[in-house]
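1. Coordinates for the following, if possible.
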Amino acid sequence: MKRFKGPQNGSHKWADDFIDEGINGYFDPGLNRIIQTTTAEQKNILKRLKENSDVMNPVYAEIEHKITDRSTPRGNGGLGRRAVLAAIVDAAIVYEEKRNIKRDRKDLEEAQEDIIKTTEELIKFLDKRNRIKEESYLTSAANTCPLHLVERAGLESGTVERQFLFEGHVVPILAKVDGGLRMGKYMPRIQDVLAALKREMESPISGCRSEVDAVSDSRKTSYADFVRGFEDCIMQDRDICCNLPERFKLTDESLAGIVKALFDEDIEADNITKARKPKR
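-> Residues are numbered from 1 along each chain as shown. I've put the predicted structure just below:
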């Protein structure tokens, strides 16, 4: 890895100050209290940077080398260096959100598959129970009528308020349905209800927002998403806020170090090269 001027293993005060301020807040003399400026997600990312300072020190050295008062359009290297750390935090949060959406989708799919398998087994057991009763002329006190189960679940719901609402609003409806049943109308069996549940669990999974759908339907989320997200943040800050040098970019080695510090993934610099967007 290319070495830049500045401490490689020592303290980089500007980075330490940025991280500590984000984690602990800063004291406002006018208000005479600590002001918190970061969210829980941002603090979590900053804590990882602090815990892995040995990995990040070469990255900080590169940032110091490339961003100075003379190299930035506004002549404020300190602001530019903080902008890079802010871009790292923002890109990490977006990356983790995407990764969590993919994880949650996978967990939900597995849960629905388990429900499908379980309902299939329950239907088999209920059919077997009915067959044994019919062939042996035995009786059972267990009542599997869906109406009975709904009523029992409502009356045993646990709280007085819920039971009161159930008795006042649901029981009258059940009585009407039960009256229709006695008149010869068809009532689904518990097996039919379970079969309907199985069909519901076969429904496709979708997100509440279009961007969630796009992420969850995409291929596996990887460190490349973080790299591209980080470079998008850098471009925005450079082109709109003018806090960074025109041609500023971190080396592949530094980006690999950031991925290692934040996500504990050992990535070769060559892989970072492939992940980066084409030059614009």
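
2. from here on, contacts and neighbour counts on C-alpha atoms
-> OK.

3. Let me see the mean pLDDT of the lengthiest helix in the chain.
-> In the chain, with assignment by DSSP state H, the single longest helix is helix 77-136. Averaged across helix 77-136, the pLDDT comes to 93.

4. Check which helices and strands it sits against.
-> Helix 77-136 sits against helix 13-24, helix 40-51, helix 53-66, helix 190-201, helix 210-217, helix 223-236, with contacts defined as 3 or more Cα pairs under 8 Å, 6 or more residues apart in numbering; DSSP states H and E.

5. Double-check that Phe27 belongs to a strand.
-> Yes: judged by DSSP: H, G, I helix; E, B strand; the rest coil, Phe27 forms part of a strand.

6. so what secondary structure elements neighbour the following helix or strand past the longest helix of the chain?
-> Next along the chain after helix 77-136, taking DSSP states H and E as the criterion, comes helix 146-155. Helices and strands touching helix 146-155, as assessed by 3+ Cα pairs under 8 Å, 6+ apart, comprise helix 160-165, helix 171-182.

7. And the average pLDDT for stretch 229-239 is what?
-> Per-residue scores along stretch 229-239 average to 89.

8. quick one: contacts of that stretch?
-> 83-84, 87-88, 90-92, 94-95, 243-246 (Cα atoms under 8 Å, 6 or more residues apart in numbering).

9. how does the protein divide into domains?
-> The chain breaks down by automatic domain parsing into domains covering 13-101+219-275, 114-210.

10. Endpoint to endpoint, the first one covers what distance?
-> The stretch domain 13-101+219-275 measures 31 Å between its terminal residues, going by Cα to Cα, to the nearest Å.

11. So what's the gap between that domain and the chain middle?
-> Between the centre of domain 13-101+219-275 and the centre of its chain there are 20 Å (Cα atoms, centre = their mean, to the nearest Å).

12. returning to that earlier point: need the helices and strands packed on helix 146-155 in a markdown table with distance to Lys50, can you?
-> Converted to a markdown table, those look like this (distance: least, Cα to Cα, whole Å):
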| stretch | distance to Lys50 |
| --- | --- |
| helix 160-165 | 50 |
| helix 171-182 | 60 |
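
13. Tyr137: neighbour count?
-> Neighbours of Tyr137 under the rule other Cα atoms under 10 Å: 8.

14. For Arg276, which non-adjacent residue is closest in space?
-> Distances taken as Cα to Cα, 6 or more residues apart in numbering place Arg228 nearest to Arg276, at 6.1 Å, with adjacent residues excluded.

15. which residue is nearest the middle of the chain?
-> By Cα atoms, centre = their mean, the chain has its centre lying nearest to Asn100, at 2.9 Å.
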